[in-house]
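**Q** quick one: sequence and predicted model below, then my questions.
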Amino acid sequence: MSELNWSEAIHACQKSGDAYVIATVLGCSGSTPREPSSKMVITEQQTYDTIGGGQLEFAVTQKARELLIKGNAAQVIQHFPLAAGLAQCCGGSTTVLLEAMAACPFRVTVFGAGHVAEALMTILQGLPCKVLWVDSRAEQFPPELLANAGSESRGGDKEGNITALVTDDPVDVVSDLAPDTDVLILTHNHQLDFELCQAALNHGSLRYIGMIGSQTKSERFRKRLARNDFTQEQIDRIVSPVGLSEVPGKLPMEVAVSIAGQLIAVEHQNRERPVRRGLGWKELKSTLGDQATPHKGAISLSLKDKS
């Protein structure tokens, strides 16, 4: 078990973009190791805090990791008889709410640390996304981003979602990007931009490829890519000039707003929204019995001590 408590663990997981499950004791009867509202957090590799240890915690951790394998946000209520089901000497029973939080699917890699990228970071740091910011020039990054950089020259903002990477060869970074990553090419070097475009197309499973520049630059790159045997279908995947045409302006922040708007649009277009979300009323009532009662046209849940 990690030394972080459950609230610190949630903050760490949200910062890293990793999936996690919050386990909350909803109710108890008889002798139990922890009281209602006790919480723990479970990730693929770690557990944080405790709801009492023993076989109960082992069973809850197993169930939580089954939810993590599915990879979706979900809520499950499960009842654990401690004596009959788990051979735990307490002898009571515990009802636990498991809330699975999916890994952050919105991943953005930005190549180039110029004025537009710097303005863009002020927007991205407020969005639920995980950002990798790449450049060969350490001096271009805000000092606080690289304050904790190690031997790989990789650092991040302490409270946010942005990781800075200083590398002599940004093109090599592309092949290691996760599938469905959004890539923005905003560098100061046209030849580097072109090489990044080629690497992004060769990757094959990036969700979005955007490149800054004029229409003339875009047309020249398209011709060069065609000469390098990329198909028209591949070339058409590159969005250039990048950003929403409805948002004009050439100031760094204006361009950044345009790019961020396009990224948000892409993210929402690709996000499925099922008709039914979360726990249904019938499921709650089945689990909680007469503790779940309708009240004045609304649903209320009462978990009172009935001893």
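**A** Done, it's in.

**Q** buried sites along stretch 71-82?
**A** By neighbour count, and taking 16 or more other CB atoms under 10 Å as the criterion, the buried residues in stretch 71-82 are 74, 76-77, 80, 82. From N, CA and C alone the C-beta is placed, and that goes for glycine too.

**Q** tell me which two in those are the farthest apart.
**A** Pairwise distances among the buried residues of stretch 71-82 were taken by CB to CB; the largest, 24.3 Å, belongs to 74 and 82.

**Q** please tell me I have it right and residue 133 contacts residue 163.
**A** Yes: contact between residue 133 and residue 163 holds when scored by CB atoms under 8 Å: they sit 6.8 Å apart.

**Q** so what touches stretch 4-17?
**A** By CB atoms under 8 Å, 6 or more residues apart in numbering, the surrounding residues in contact with stretch 4-17 are 2, 19-20, 22, 39-41, 43, 46, 48-49, 101, 103-104, 107, 130, 159-161.

**Q** any of the residues you listed buried? List them.
**A** 19-20, 22, 39-41, 43, 48-49, 101, 103-104, 107, 130, 161.

**Q** of those, which is the nearest to residue 243?
**A** Nearest to residue 243 among these: residue 107, at 19.1 Å, using CB to CB.

**Q** what is the closest one paired to in the beta sheet?
**A** residue 130 (DSSP bridges).

**Q** low pLDDT regions in the stretch 151-300 of the chain?
**A** Flagging of the stretch 151-300 of the chain using pLDDT under 70 yields the residue ranges 151-160, 271-300.

**Q** and the strands in it?
**A** 154-156, 162-166, 182-185, 208-211, 238-239, 292-295, 298-301 (DSSP state E, counting those that start in this stretch).

**Q** with adjacent residues omitted, what lies nearest to the residue most central in space within the chain?
**A** Compute the mean C-alpha point of the chain, and by CA atoms, centre = their mean the closest residue is residue 104, 1.4 Å away. In space, residue 104 comes closest to residue 17 once its chain neighbours are excluded; the distance is 3.4 Å by CB to CB, 6 or more residues apart in numbering.
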